[in-house]
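the following comprises the amino acid sequence and a computationally predicted model.
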Amino acid sequence: MKALILAAGYATRLYPLTENFPKPLLDVGGKAILDWLIEDLQTSGMVDEYVVISNHKFAQHFRDWAAGHSAPVTVVDDGTSTNETRLGAVKDIQFALEARQIDGDVVVLAGDNVLDFSLVPFLRYGQAHNCSCVMCYEEPELARQQRTAIITIDAARTITDYEEKPKAPKSCLAVPPFYYYRAQDVRRIPEGLADGCGYDAPGSFAAWLSRRTTLKAYPMPGNRYDVGNLASYESIKASYRGITVKER
């Protein structure tokens, strides 16, 4: 399995801190954010390559970091240099698949989130059910629901509706940026894009796919901390203690 790490954003809300430095490499608890994510996934024994998808502006920063990493990390440069010309998350996934000629299962994750739980049970869940899956958590605030992806599920946790940034959410189940795709599903990205699938939000492809095949939802077992602005970054640095939620 390959891990595709979305790291091609420009983090404009964190300026000037990230004006010339990529957010996923910011230090939290003595490690880069990416180190926390990769070190966790390494314990699974299921991932044989970590593909970090960067923009051109920050690619060398990632290459320098990857050069000293013990895990098999590959950096791909999507060629963009500004926030205005970015490809969007779904097109970045497609770019990485083609650049590395990936034809197997993948886990896709945002490279700027810090977690207090392990992603490994999520991967095991997808493999055990032999289907692509996303995570979900209960989001009680309407304003937040309207800024993220919302799903509905049945008793078997199969997704029955999936909508990005709904004006009238049909549930409170929100989807964070972590996805497990079987090979036969992720290779349908070109089909999805040709069919009008959105390409900026990473969940746009999952939403398209959920209407064409079985997609399940795994309940997020802990908390994720999105480094969204300077205040949130300082708060996370002060409070984060690593993976503290026990594995299910």
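In hand now; what should we look at?

when you work out contacts or count neighbours from here on, use the C-alpha atoms and nothing else.
Noted.

in which helix or strand would I find the residue of the chain most remote from its centre?
The centre of the chain is farthest from one residue, Ala155, which by Cα atoms, centre = their mean lies 25.5 Å away. Following DSSP states H and E, there is no helix or strand that holds Ala155.

against Tyr10, how distant is it?
For Ala155, the distance to Tyr10 (Cα to Cα, to the nearest Å) stands at 39 Å.

so the residue nearest the centre of the chain: helix, strand or coil?
Closest to where the C-alpha atoms of the chain average out (Cα atoms, centre = their mean) is Leu109, at 2.2 Å. Secondary structure, DSSP: H, G, I helix; E, B strand; the rest coil: Leu109 is strand.

and it, what does it touch?
Leu109 makes contact with 3-6, 177-179, according to Cα atoms under 8 Å, 6 or more residues apart in numbering.

tell me the two of those that are most distant?
Ala3 and Pro177 (13.0 Å; Cα to Cα).

so which of the two has more stuff around it?
With neighbours defined as other Cα atoms under 10 Å, Ala3 and Pro177 compare such that Ala3 has more, 22 against 19.

looking at it, that one is touching Glu49, isn't it?
Yes: applying Cα atoms under 8 Å as the test, Ala3 and Glu49 come out as touching, 6.3 Å apart.

so Ile151 is in contact with Lys170, correct?
Yes: between Ile151 and Lys170 there is a contact under Cα under 8 Å: 7.4 Å.

the more surrounded of these two?
Ile151 (24 against 14).

could you say which helix or strand contains that one?
strand 149-153.

neighbouring strands for that strand, and are they parallel or not?
According to DSSP bridges, strand 149-153 forms sheet pairs with strand 159-164 (antiparallel), strand 173-175 (antiparallel).

what's the first one in contact with?
This means strand 159-164. With Cα under 8 Å, 6+ apart as the test, strand 159-164 has contacts from 147-154, 203-204, 207, 210-211, 214-217.

how about it: buried residues?
For strand 159-164, burial by neighbour count (16 or more other Cα atoms under 10 Å) applies to 159, 162-164.
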